[in-house]
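*Asks:* Predicted model follows, preceded by the sequence.
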Amino acid sequence: MSDAVMQTLLAEDARRRRRSLGVGGLLLACALLALAITGFFDAQRFADGIPALLQLGSEMVPPNFARWQSWVRPLFDTLAMSVAGTALTIFMSLPLALLASPNTAPHPWVLRAARTVIAAFRSVPEIILGIIFVAAVGFGALPGVLALALHSTGMVAKFYAEAIEHVDPKPLEAATAAGASRLQVISHAVLPQVLPQLADITIYRWEYHFRASAVLGIVGAGGIGFELMAALRLIKYDEVAAILLCVLACVMVVDGLGAALRRRLK
């Protein structure tokens, strides 16, 4: 390799390094600016808040499990909400993902419409959807399930579509050349390639749904969140601590089940 070529390669490498440093510096500056705007560097606010946190912590210890029997059903409802919400999410996300992926969408306009619908679902937080559905169908687990399903469809369908978009095109071309219909191409050439990824995404979302279900109970969507909100309103922080510990234990169980399912599917 001649000296001129070596110098050119070194110069190109130096330019790449400078660009990377420049981008990294810009991102760091944006992050610091955002922290400053939100008051993260206001030491006085942290100093004023520490005594309140210590007081709150002292009122939460020791946790009060006297009413633990009344939390069993809400915890079960929370688990049921997470499973039902995940099931509805799958049913809605898979068709949308197939319409939102360039290699399976029947027409560019359908592709754009599907992506718009997915973005719309994703843009509304589940807590807002929970409030809307509580007003529409009343209190209980049903509004929580609907809120989880609609919001998660926006996230899961996006991940599904990205997985489908990056499948190996050769099986699709072979199936099409053999005269397979669009549905046959999807069922025999697309889905077998992405099923492990889709299953992984779904399991992760189920784990998230359990945690989100606990939050949705705060707005009246049933589950353990309703009990948590009641304890907060009554300023029973020792019960709040006990409920949070119960939720933590259930989250660990759900995460363990999710990890076991992922290992089983590999």
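*Replies:* On my side now, so go ahead. Keep in mind that what you see is a predicted model, and the values were worked out from it rather than measured.

*Asks:* Just to check, residue 158 is in contact with residue 118?
*Replies:* Yes: with contact defined as Cβ atoms under 8 Å, residue 158 counts as touching residue 118 (5.6 Å). C-betas here are computed from N, CA, C, even on glycine.

*Asks:* Compare these two and say which is more crowded by neighbours.
*Replies:* Neighbours per residue (other Cβ atoms under 10 Å) separate residue 158 from residue 118, with residue 118 holding more: 24 against 20.

*Asks:* distance of that one from residue 139?
*Replies:* Noted for residue 118: a distance of 29 Å to residue 139, by Cβ to Cβ, to the nearest Å.

*Asks:* And for residue 253?
*Replies:* With distances taken as Cβ to Cβ, residue 253 is found 26 Å from residue 139.

*Asks:* what's the answer for residue 129, then?
*Replies:* Counting by Cβ to Cβ - residue 129 and residue 139 are separated by 15 Å.

*Asks:* Have a look at these two and say which one is more surrounded.
*Replies:* Shown here are residue 129 and residue 139; by other Cβ under 10 Å, residue 129 has more neighbours (22 against 14).

*Asks:* what residues are up against the more buried one?
*Replies:* Residue 129 sits next to 146, 147, 150, 151 when contact means Cβ atoms under 8 Å, 6 or more residues apart in numbering.

*Asks:* coming back round to it: find residues that contact each of residue 158 and residue 118.
*Replies:* Joint contacts of residue 158 and residue 118 (Cβ under 8 Å, 6+ apart) are residue 100.

*Asks:* export stretch 206-214 as CSV, just CAs?
*Replies:* Only the C-alpha atoms of stretch 206-214 are listed here, as CSV (Å, rounded to 0.1, in the frame of the first residue of the first chain):
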residue,chain,number,x,y,z
TRP,A,206,-46.9,-8.8,28.4
GLU,A,207,-44.3,-8.1,31.1
TYR,A,208,-44.9,-4.4,30.5
HIS,A,209,-48.6,-4.8,30.6
PHE,A,210,-48.6,-6.1,34.1
ARG,A,211,-46.8,-3.0,35.4
ALA,A,212,-49.0,-0.7,33.3
SER,A,213,-52.2,-2.5,34.6
ALA,A,214,-51.2,-1.5,38.1
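
*Asks:* Let me know the average pLDDT across the longest helix along the chain.
*Replies:* For the chain, the longest helix by residue count, based on DSSP state H, is helix 3-37. The average pLDDT within helix 3-37 is 78.

*Asks:* Residues touching the next helix-or-strand element following that helix, excluding its own?
*Replies:* Where DSSP states H and E defines the elements, the next helix or strand beyond helix 3-37 is helix 43-60. Applying Cβ under 8 Å, 6+ apart, the contact partners of helix 43-60 are 39, 237, 238, 240, 241.
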